[in-house]
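**Student:** Predicted structure and sequence below. I'll ask about it afterward.
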Amino acid sequence: MIFEDNRLKPLEQIADEGVQTELWLAVLKLEMFVGEVDFSLQIDDLLPEGVLANCAINNNTLTLSGEYFAQSSLQTLKTMVEQTQKNKFHPVSHLSIGSVLIHELCHAVWNTICKKGIDLRTEVKAIAKDWDTYMNENQNDTLKTYAATSPEEFWAEMLTQAVDGDSEQCPDMEFAKRVLNLAVKYHM
Ligand SMILES: [Zn+2]
């Protein structure tokens, strides 16, 4: 696929059109909710073992692991599922190709808001405190563990669920909506 949006040009390095489509759609979905996100994208193999993607705090560079995303969509998903089974602390976003990118884009949104001088950490902690209570009551749910690691991961996981989750099935949708409200308020 040829991408006219320069930010998405690196996706042309990915052979599988299914993977390309999922990643393209990921950007579209998040931006529908929170407006244009300031980021640049690169695909390379420099990420540590087992890491699918990351977002640099200082300049919003999103890196996608070439090792994972250069595979066919089926193989990419299989690797994700295998990795998720191995690692107890995994983001819910690691169960779909597009959600991995949405999660990292959410970190970019966080960085952009913080650069405006807004104390997002304090606002998110207020929501996350309720979340901690909820977590303590639902300790055995490993899908929720990653969101509880820090306000930043809580933000990324909740915002991902708000824009990409199934509202009928998502037990955290109340938290997700509150995080989305903050993103709309400060990012748009
Ligand atoms: Zn993260």
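**Tutor:** In hand now; what should we look at? Numbering: from 1, shown residues only.

**Student:** roughly how far apart are the most centrally placed residue in the chain and Asp119?
**Tutor:** The geometric centre of the chain, computed from its C-alpha atoms, lies nearest to His103 (Cα atoms, centre = their mean), at 0.4 Å. Separation of His103 from Asp119 (Cβ to Cβ, to the nearest Å) stands at 22 Å. To be clear about C-beta, it is placed using only N, CA and C from the backbone, and glycine gets the same treatment.

**Student:** Same check on Tyr134?
**Tutor:** For Tyr134, the distance to Asp119 - Cβ to Cβ - is 23 Å.

**Student:** These two: which has the busier surroundings?
**Tutor:** Tyr134 (17 against 10; other Cβ atoms under 10 Å).

**Student:** buried sites along the helix or strand of the chain at the bottom of the mean pLDDT ranking?
**Tutor:** The helix or strand of the chain with the poorest confidence is helix 73-86; it has a mean of 82 (mean pLDDT, DSSP states H and E). Across helix 73-86, burial judged by 16 or more other Cβ atoms under 10 Å covers 73, 76-77, 79-80, 84.

**Student:** Ok, stretch 168-178 next?
**Tutor:** Neighbour-count burial for stretch 168-178 [16+ other Cβ under 10 Å]: 170, 172-173, 175-176, 178.

**Student:** For the protein, just list every one of the strands.
**Tutor:** For the chain, applying DSSP state E gives strands covering 40-44, 53-55, 61-65.

**Student:** got a markdown table for the ones you listed, with distance to the ion and mean pLDDT too?
**Tutor:** Shown next, in a markdown table, are the strands of the chain (distance: least, Cβ to the ion, whole Å; pLDDT from 0 to 100):
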| stretch | distance to the ion | mean pLDDT |
| --- | --- | --- |
| strand 40-44 | 16 | 95 |
| strand 53-55 | 7 | 93 |
| strand 61-65 | 11 | 95 |
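
**Student:** Mean neighbour count and distance to Gln161 added to those, as JSON lines?
**Tutor:** Below are the strands of the chain laid out as JSON lines (neighbours: other Cβ atoms under 10 Å; distance: least, Cβ to Cβ, whole Å):
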{"stretch": "strand 40-44", "mean neighbour count": "16", "distance to Gln161": "22"}
{"stretch": "strand 53-55", "mean neighbour count": "20", "distance to Gln161": "17"}
{"stretch": "strand 61-65", "mean neighbour count": "21", "distance to Gln161": "19"}
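
**Student:** Can you convert these into a markdown table and add a column each for distance to Glu12?
**Tutor:** Conversion of the strands of the chain to a markdown table gives the following (distance: least, Cβ to Cβ, whole Å):
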| stretch | distance to Glu12 |
| --- | --- |
| strand 40-44 | 10 |
| strand 53-55 | 17 |
| strand 61-65 | 13 |
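
**Student:** What residues does the closest residue to Ile14 other than its chain neighbours make contact with?
**Tutor:** Using Cβ to Cβ, 6 or more residues apart in numbering and skipping residues adjacent in sequence, the residue nearest Ile14 is Gln20, 5.2 Å away. By Cβ atoms under 8 Å, 6 or more residues apart in numbering, Gln20 lies in contact with 1, 11-12, 14.
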